[in-house]
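S.K.: coordinates only, sequence not included:
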């Protein structure tokens with residue numbers, strides 16, 4: 001893909017996550033099971049996972065998101081973002 005600069009590269013990775021990550025899926029955060037319902041790009045340029053448990057909603061940085069086993073389809077884009085973010 002053509003991406004000139006960090007912002008365009010991050011936006012490209014976000015687009016691939018949004019299109020290919022199979023949501024919803026469950027994972028554990030601090031020992032609590034949550035459902036990842038999607039991803040978002042914050043105004044400050046971070047990619048976050050949109051997590052929920054019941055009526056509680058919270059965004060978690062995709063770099064900090066523990067992945068379940070087995071991992072959902074499209075998880076390779078999370079790994080690509082982690083590699084890119086280095």
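M.R.: Cool, the structure landed. Computed from a prediction, not measured in an experiment: that's the story for all the values here.

S.K.: Helices of this protein, residue ranges please.
M.R.: Remark: helices assigned in the chain by DSSP state H are 6-20, 75-85.

S.K.: Would you mind saying which of those helices lies nearest residue 59?
M.R.: helix 6-20 (13.3 Å; CB to CB). For glycine as for every other residue, the C-beta is placed from the backbone atoms N, C-alpha and C.

S.K.: quick one: that closest one to helix 75-85, angle?
M.R.: 170 degrees (axes from the mean of the first three to the mean of the last three CA atoms, to 10 degrees).

S.K.: on contacts alone, who are the packing partners of helix 6-20?
M.R.: In terms of contacts (3 or more CB pairs under 8 Å, 6 or more residues apart in numbering; DSSP states H and E), helix 6-20 is packed against strand 32-41, strand 47-53, helix 75-85.

S.K.: Give me the distance from the shortest one to the chain's centre.
M.R.: If I follow you right, that is strand 47-53. Its chain's C-alpha centre lies 8 Å from the corresponding centre of strand 47-53 when counted by CA atoms, centre = their mean, to the nearest Å.

S.K.: Show me what counts as buried in it.
M.R.: Of the residues in strand 47-53, 47, 48, 49, 50, 51 count as buried by neighbour count, 16 or more other CB atoms under 10 Å.

S.K.: The third one touches residue 63, doesn't it?
M.R.: No. Here residue 49 does not reach residue 63: they are 9.8 Å apart, not a contact under CB atoms under 8 Å.

S.K.: export the helices of the chain to TSV and tack on distance to residue 32, mean neighbour count and mean pLDDT?
M.R.: Output for the helices of the chain, formatted as TSV (distance: least, CB to CB, whole Å; neighbours: other CB atoms under 10 Å; pLDDT from 0 to 100):
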stretch	distance to residue 32	mean neighbour count	mean pLDDT
helix 6-20	23	15	93
helix 75-85	20	15	95
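
S.K.: Compute the number of surrounding residues for residue 67.
M.R.: 14 (other CB atoms under 10 Å).
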